[in-house]
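Undergrad: build me a model from this:
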Amino acid sequence: MPINNRVAELSAETAEWRRDLHAHPELLYEVHRTAGIVADKLRAFGCDEVATGVGRTGVVGVIRGRKQGSGRIIGLRADMDALPIAEETGVGHASTNAGVMHACGHDGHTAMLLGAARYLTETRNFDGTVVVVFQPAEEGGAGGKAMVDDGLMERFGVQEIYGLHNMPGLPIGQFAIRPGPIMAAADRYDIEIEGLGGHAAKPHECRDPIVAAAQIITAAQSIVSRSADPLDSIVVSITRVEAGTTYNIIPERAKLSGTVRTLRAASRDLAEARLKSVVEGVAQAMGVKATISYARGYPVTENHAPQTDFAVRVAGQVVGGPNVDAALAPTMGGEDFSYMLLARPGAFIFMGNGDTAGLHHPRYDFNDAAIPYGVSYWAKLVETAMPA
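TA: Residues are numbered from 1 along each chain as shown. Predicted coordinates for the structure are as follows:
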């Protein structure tokens, strides 16, 4: 492209949309205001079809190119939901919804895809069909799965699907991606420990669930260090410990909670099996009862090689080849675009957000300077994949 004149002209207005969305964040599937704005704008742009309520509160727009000979149908996805975090940015467009903020940049993702939809409906300089997908509930609600389960791919004939996410720390005007696993599977667990409580001065008359919990915490760390291949990527984190009420009572119960992150199916199976074994073994040794509830969450986000190569080429046309990292190290964060990549071939790419606070931080704010690069990437992807 790189940034064509029309995309540049649209950038200021797109930034206004983004700031309005930022000021009115919504959680999970309760994105009614956001989804309404998205649907209204898609209709105003002249999308050939606008569907609401896909995957509960998702919105889908269909844009047909000036030619339809190729028969190709490509999906572009953005997420709409925010996070339950109290904002501390101090910006003029800060959240007006107490305790909720766009701390992951989904306001920017939504605005950029809206900007691309406007450009594509105006120009229609492609041979085929674009399906713009606005998804709810990425932040723990599996909105991507909900849309897939609701027939997204079949209903709109999507053949390939592409996603984009901002990355703080990566300079504005740069992209990063890799083939294969790029984000981890994200599982969670709760461990309930039942001992025998009593007076803290008489521990010999008790079966202390806190000591058992401490042993489980320590032993769980050996799953990565002693059960997994050192070259594999596994994270086992215990992030919550609950037990006791005061100084002189050994409690009856303790509870541990945490997450497991993996990049391969075999690693996921190993981590789950070993964690369960650790809990059972320590409980037996300590004379307590322990149960673990293990829930598998988002699967590995795994980019398909041909679509990744294509995304690298498109991003390079926008920002220049040297500004595209095609061998990004995987991140152990999770992403429910993974469900869409299980349903159709595609690729998920990161885009620079500059030197900003990190994702999920109360002082994070999407960088509006990134908008023309994101809009240009979407437009160039469509025009390159389906040339008119």
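
Undergrad: please, where are all the helices along the chain?
TA: Using DSSP state H, the helices found in the chain span residues 5-23, 32-45, 106-123, 143-149, 152-156, 209-220, 222, 265-286, 305-319, 337-343, 371-385.

Undergrad: mean pLDDT, mean neighbour count and distance to residue 182 for the ones you listed - can I get that in TSV?
TA: (Glycine included, C-beta is placed from N, CA and C.) Listed next are these as TSV, based on pLDDT from 0 to 100; neighbours: other CB atoms under 10 Å; distance: least, CB to CB, whole Å:
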stretch	mean pLDDT	mean neighbour count	distance to residue 182
helix 5-23	94	19	25
helix 32-45	98	18	26
helix 106-123	98	25	16
helix 143-149	98	23	15
helix 152-156	98	18	20
helix 209-220	98	20	26
helix 222	95	13	28
helix 265-286	97	18	15
helix 305-319	98	20	9
helix 337-343	98	22	9
helix 371-385	97	25	16
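
Undergrad: next, format these as CSV and append distance to residue 132.
TA: Converted to CSV, the helices of the chain look like this (distance: least, CB to CB, whole Å):
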stretch, distance to residue 132
helix 5-23, 14
helix 32-45, 7
helix 106-123, 5
helix 143-149, 12
helix 152-156, 10
helix 209-220, 43
helix 222, 47
helix 265-286, 31
helix 305-319, 16
helix 337-343, 13
helix 371-385, 9
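
Undergrad: what's the domain layout of this structure?
TA: Using automatic domain parsing, the domain parsing of the chain gives 5-182+300-385, 185-295.

Undergrad: before we move on, the earlier item: who wins for proximity to residue 298 among the helices of the chain?
TA: Nearest of the helices of the chain to residue 298, taken as CB to CB: helix 337-343 at 5.3 Å.

Undergrad: by contact count, what packs against the closest one?
TA: Packed against helix 337-343 by the contact rule (3 or more CB pairs under 8 Å, 6 or more residues apart in numbering; DSSP states H and E) you find strand 73-79, helix 143-149, helix 152-156, strand 160-167, strand 301-303, strand 346-352.

Undergrad: residues touching the residue nearest the centre of the chain, list them.
TA: Geometric centre of the chain, nearest residue: residue 335, 3.1 Å, by CA atoms, centre = their mean. Neighbouring residues of residue 335 by CB atoms under 8 Å, 6 or more residues apart in numbering: 138, 163, 165, 183, 298, 301, 348.

Undergrad: can you pick the most crowded of those residues?
TA: When neighbours are taken as other CB atoms under 10 Å, the top entry among these is residue 301 (30 neighbours).

Undergrad: pLDDT score assigned to that one?
TA: Residue 301 is assigned 98 on the pLDDT scale.

Undergrad: for residue 346, see how far away it is.
TA: Taking CB to CB, to the nearest Å as the measure, residue 301 falls 10 Å from residue 346.

Undergrad: check the gap between residue 207 and residue 253 for me.
TA: 11 Å.

Undergrad: what sits in contact with each of those two?
TA: residue 195.

Undergrad: so residue 250 sits against residue 212, correct?
TA: No: counting by CB atoms under 8 Å, residue 250 stays clear of residue 212, with 11.2 Å between them.

Undergrad: pull up the overlap in contacts between the two.
TA: With CB under 8 Å, 6+ apart, residue 250 and residue 212 have common neighbours residue 195.

Undergrad: out of the helices of the chain, nearest to residue 93?
TA: helix 5-23 (3.8 Å).

Undergrad: so which elements touch the closest one?
TA: Contacts defined by 3+ CB pairs under 8 Å, 6+ apart place helix 5-23 against helix 32-45, helix 106-123, helix 371-385.

Undergrad: from the chain's centroid, how far away is that helix?
TA: Relative to its chain's centre, helix 5-23 lies at 23 Å (CA atoms, centre = their mean, to the nearest Å).

Undergrad: ok so, going back, mind putting the contacts of residue 335 into a markdown table with distance to residue 238?
TA: Below are the contacts of residue 335 laid out as a markdown table (distance: CB to CB, whole Å):
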| residue | distance to residue 238 |
| --- | --- |
| 138 | 25 |
| 163 | 31 |
| 165 | 27 |
| 183 | 22 |
| 298 | 20 |
| 301 | 24 |
| 348 | 29 |
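
Undergrad: nearest to residue 48, of the residues you listed?
TA: residue 163 (22.4 Å).

Undergrad: so who does the closest one touch?
TA: 76-78, 335, 337, 340, 346-349.

Undergrad: same thing with residue 388?
TA: Residue 388 makes contacts with 65-67, 124-127, as judged by CB under 8 Å, 6+ apart.

Undergrad: correct me if wrong: residue 7 contacts residue 118.
TA: No: using CB under 8 Å, residue 7 is not in contact with residue 118, being 9.7 Å away.

Undergrad: I'd guessed residue 257 sits against residue 191; true?
TA: Yes: counting by CB under 8 Å, residue 257 sits close enough to residue 191 to count as a contact (7.3 Å).

Undergrad: can you list contacts of stretch 83-96?
TA: Contacts for stretch 83-96 (CB under 8 Å, 6+ apart): 19-20, 22-25, 27, 82, 98-104, 139, 360, 362-365.

Undergrad: pull out the buried residues from that stretch.
TA: 83, 85, 87, 89, 93-95 (16 or more other CB atoms under 10 Å).

Undergrad: redo the residues you listed as JSON lines? Include pLDDT and distance to residue 197.
TA: Shown next, in JSON lines, are those (pLDDT from 0 to 100; distance: CB to CB, whole Å):
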{"residue": "83", "pLDDT": "98", "distance to residue 197": "37"}
{"residue": "85", "pLDDT": "98", "distance to residue 197": "36"}
{"residue": "87", "pLDDT": "98", "distance to residue 197": "42"}
{"residue": "89", "pLDDT": "98", "distance to residue 197": "46"}
{"residue": "93", "pLDDT": "98", "distance to residue 197": "51"}
{"residue": "94", "pLDDT": "98", "distance to residue 197": "46"}
{"residue": "95", "pLDDT": "98", "distance to residue 197": "43"}
